[in-house]
Structure formats: structure tokens, C-alpha cells
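Q: Pasting the sequence and the predicted coordinates here, then a few questions.
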Amino acid sequence: MPRIGRVRCAFDTDPIAPKRTAKPKVVLTDEEKAVKKEETLRRAQLRKKKAEWESALTEWKGAKSHKGVALPAGTKALFKSDAKKFYGLSDKDIAALPFQGFNGSSKQVIPLHEIEAHAKRKFEATGIPYEAMTAYRAPHPLTVNGPHLTNLSGRPDFPRRYSRY
């Protein structure tokens, strides 16, 4: 039995919509092909440099693996997640930095001066300009005032909306 197309009313006067056609294939000129090839080679070189950088990293070992070291009072620090976000660091980069852990918490803070120095070394080694990477970002550092998680101060630069205290 032959396939029946769309059933229409005998008095329908609207024309049948044509089938969609595929987009025409983009044809690049010789100049555009050369530029695209250069970009591909540049990205491959950056990936290679980044892989070399990450293979040269060694994991930082503190006195106690889960607690790290006690930072001196007044040290500016960032949480691990903020360091990764603001400075474009990977898990391997973070593992190579000294940190302070807290009892009863999985949070870790890393000294800000260590993060900035490591990020500058990374971007110099991989060929990415550090200033361009961090120009539009502004992290909110914490001040470490003691060995407990409650001794951190200075995180938000805005008042709490609903405060119990």
C-alpha cells in the first residue's frame, strides 16, 4: 500500500510549506585556511606546554596530610575553590601548594601570596600572559586569625541581609 502524505481538507487554499533544505557548506578561502591552521597549531603548542607543566608538579606534603600547616595570624588566604576559580588553577596546581585544614571540616585555605606566585609561574611557563588572565577578577581574601574555621574573617564585602547577631 503506498504511503499517504499529509491529509488536507479539500477546501484548504494554503500552499504546502516546502521541506527545509540543509545549510550550504562553508567554503574557506586559502587565507582563512592558513589562519585556521595557525590557530590549531598554536592551541596544540599551548596544550603541550600545559601538559609539561602539570607533569612537573609535585604534591605538597605537610606534617599532617589532612591538616596542612598552621598559618601565622594575619595571613591573607583563599579557599581552595576560590583559588581555582579566580586564578584558573587545576586540582594538580592546588595540590602543589601549602594549605591549612580545619578540624571537623573539609575546607582548606591557601595563602594568597603562594597562589599568586604559583599562578605567575604557571602562566609564564605555558605562555599565557598572567596580567590578561587576572585583570578583570578580584578575589575576596580571608584573614587567618587562628587554627579554627571560625577564626577566619573578611570574606564578604557586603553586610548580611538577614543577620541573627
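A: Yep, that arrived. Numbering: from 1, shown residues only.
Q: Could I get the contacting residues of the nearest residue to Leu149 once chain neighbours are set aside?
A: Spatial nearest neighbour of Leu149, excluding adjacent residues (Cβ to Cβ, 6 or more residues apart in numbering): Phe102 at 4.3 Å. All C-beta atoms are positioned from the backbone trio N, CA, C, and that covers glycine. Taking Cβ atoms under 8 Å, 6 or more residues apart in numbering as the criterion, Phe102 is in contact with Lys67, Gln108, Pro147, His148, Leu149.
Q: So for the longest helix seen in the chain, mean pLDDT?
A: The residue-count maximum for a helix in the chain (DSSP state H) belongs to helix 30-56. Mean pLDDT, helix 30-56: 93.
Q: try stretch 98-109
A: 83.
Q: Can I get that stretch as CSV, trimmed to CA atoms?
A: In CSV, the C-alpha atoms belonging to stretch 98-109 read as follows (Å, rounded to 0.1, in the frame of the first residue of the first chain):
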residue,chain,number,x,y,z
PRO,A,98,50.7,24.6,51.1
PHE,A,99,47.4,24.8,52.9
GLN,A,100,45.8,24.9,56.3
GLY,A,101,43.0,22.5,57.1
PHE,A,102,40.5,22.7,59.9
ASN,A,103,39.2,20.1,62.4
GLY,A,104,35.7,18.8,61.6
SER,A,105,35.7,20.4,58.2
SER,A,106,36.8,19.6,54.7
LYS,A,107,37.6,23.3,54.0
GLN,A,108,41.2,24.3,53.2
VAL,A,109,42.7,27.8,52.9
